[in-house]
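> A predicted structure for the sequence below; I have some questions about it.
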Amino acid sequence: MNETNSNPVPAPAAATASPAAKPAAAAAAAPVAPPPSLPVPTALAHVGLPFQGTDFALKGYHADATVNPDQVVSAASKMDQEGFALDAITGVDWIAQNQMELVYDFFHPHKELRVVVRTRVPRETPELPTISAVFPGANWHERETHDFFGIKFSGHPDLSPFLLPEDADYHPLRKDFAL
């Protein structure tokens, strides 16, 4: 074979990578520092919840707050007083931490503002008060969360199964669920 062969065997990728690409690859493997906290939107400054600003383009909400389980009704009342509406309630099973997280999504219909309020309860006894007296639509969200995660909402008017069969004794969105 001569040096003018039109089908040369390509060199291995590592040999063809430019020296400038190696530092970029090393930088990609380095741990990434969390982004700096963003300011809390001014419309939330006086609400009285421990909000932290977030990047809406990245997270889908403008601010979030974490409260104790016994503060969810008060937090919901404050959101209602500020003109927010309830969008959703869901659970997250943090099995390694032995906790269940409740995520309350709120939106303001006129200020184009979305916020999240979170709380955690022990996985063995996942119970917290209902917010259905503040937001009647929470009734359905709490029933669904009870069905899928087994989280009990004390004071709820009717935690009967919403989407699962009436005789279901399982919670399919728990990470240790198996039929």
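Great, that's in hand.
> contact partners for the one residue sitting closest to the centre of the chain?
Nearest to the geometric centre of the chain sits Val103, at 6.1 Å (Cα atoms, centre = their mean). Residues in contact with Val103 (Cβ atoms under 8 Å, 6 or more residues apart in numbering) are Ala88, Ile89, Thr90, Gly91, Val92, Val116, Val117, Arg118. Quick note: C-beta positions are derived from backbone N, CA and C, even for glycine.
> reformat these as JSON lines; add neighbour count.
Compiled in JSON lines, the contacts of Val103 are given as follows (neighbours: other Cβ atoms under 10 Å):
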{"residue": "Ala88", "neighbour count": "15"}
{"residue": "Ile89", "neighbour count": "24"}
{"residue": "Thr90", "neighbour count": "16"}
{"residue": "Gly91", "neighbour count": "21"}
{"residue": "Val92", "neighbour count": "15"}
{"residue": "Val116", "neighbour count": "20"}
{"residue": "Val117", "neighbour count": "26"}
{"residue": "Arg118", "neighbour count": "15"}
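> tell me which of the residues you listed is nearest to His146?
Gly91 (9.0 Å; Cβ to Cβ).
> surely that closest one and Leu102 touch.
Yes. Applying Cβ atoms under 8 Å, one finds Gly91 in contact with Leu102, separated by 5.9 Å.
> mind listing the shared neighbours of the two?
By Cβ under 8 Å, 6+ apart, the residues touching both Gly91 and Leu102 are Thr145, Ile151.
> all set now, cheers.
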